[in-house]
Every structure is written in C-alpha cells, then in structure tokens.
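S.K.: Predicted structure and sequence below. I'll ask about it afterward.
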Amino acid sequence: MNGRTVSELLALPVRIHGIQLGRPVDALLDPSLDRVVGFEIACGDGARRFLPYAVCRIGTEEIAAASALSLVDERQLAYYRENSRRLSELALADPWVDEAGIVHEARSAA
C-alpha cells in the first residue's frame, strides 16, 4: 500500500492551481480512529485554516485543493481542533499515512 510519512506530508506546500496558499502544521485525526480528517494549514495571510483530507489530493510536490472554498476559516477550525486529536500530540514513532488517510506504524515513542 502506498503512503507518505507524516513528516513528508507536513513539508508539502498547499496549492490551488499551482498557487501556494500555505503549509500544513498538523494533521487532525478522528477522535476514535487513527484516520486523518484533515490538516491545519498556516496560510500566507497569517490565518490558520482547516483543509479536509477528503477534498485534497496528495501529490509528490504538493497538497492540492480544487478550490479556496475547500479551506475552512479560522473560526470554524476551532470545531475541528476541539473534536479531533492532533497527530503532533500523540507519542508516535515515525508514523505514515496511507492513501485512505489511515495512520500506520503508530508505535509509542516511549
């Protein structure tokens, strides 16, 4: 099964039609499953936004969104922060994400 390490995903720029909007700073997971629901994005205008995993395309050079309307604004990002788990806060050793958004090799770093 194909996948990318989380560190690789977080290093990719987020673009729409080749125009860079920002960079992911964290992956947000379903509260009960090890599945990515989306990315918290630090945008070029200084705002933080949420990009749902289901509406983005992970490429070799970018995370592509079809439209700026795919990005949820900062006010609504709070909902996703409160109702998900931040991947960065979990003690995982070198996790990777498959094409379906499932986190693998989620071993404790302890």
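M.R.: Arrived safely, thanks for sending. Numbers count the residues shown, from 1 in each chain.
S.K.: Could I get the full set of strands for this structure?
M.R.: Assigned by DSSP state E, the strands in the chain fall at 3-5, 14-16, 19-29, 36-43, 48-52, 56-58, 63-65, 85-86, 92-93, 96-98, 103-104, 107-108.
S.K.: distance between the ends of stretch 62-78?
M.R.: Start and end residues of stretch 62-78 are separated by 25 Å (Cα to Cα, to the nearest Å).
S.K.: ok, now which ones touch the nearest residue to Glu40 once chain neighbours are set aside?
M.R.: Of all residues not flanking Glu40 in the chain, Asp26 sits nearest, at 4.7 Å (Cβ to Cβ, 6 or more residues apart in numbering). No exception for glycine: its C-beta is placed from N, CA and C like everyone else's. With contact set as Cβ atoms under 8 Å, 6 or more residues apart in numbering, Asp26 has these partners: 10, 39-40, 86-88.
S.K.: Lowest mean pLDDT among the helices and strands of the protein, which one is it?
M.R.: Within the chain, no helix or strand scores below strand 107-108, which has a mean of 50 by mean pLDDT, DSSP states H and E.
S.K.: so where is this protein shaky, pLDDT-wise?
M.R.: By pLDDT under 70, the weakly predicted segments of the chain are 1, 106-110.
S.K.: can you point me to the longest helix in it?
M.R.: Ranked by residue count and defined by DSSP state H, the top helix of the chain is helix 74-82.
S.K.: one step back: out of the strands of the chain, deepest packed?
M.R.: strand 36-43 (a mean of 22; mean count of other Cβ atoms under 10 Å).
S.K.: and that one, C-alpha only, in CSV?
M.R.: What follows is strand 36-43, C-alpha atoms only, in CSV (Å, rounded to 0.1, in the frame of the first residue of the first chain):
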residue,chain,number,x,y,z
VAL,A,36,-6.7,11.8,9.2
VAL,A,37,-9.8,14.0,8.9
GLY,A,38,-7.7,17.0,7.6
PHE,A,39,-4.8,19.4,8.0
GLU,A,40,-4.4,22.6,9.9
ILE,A,41,-2.9,25.0,7.4
ALA,A,42,-0.8,28.1,8.2
CYS,A,43,-1.8,30.4,5.3
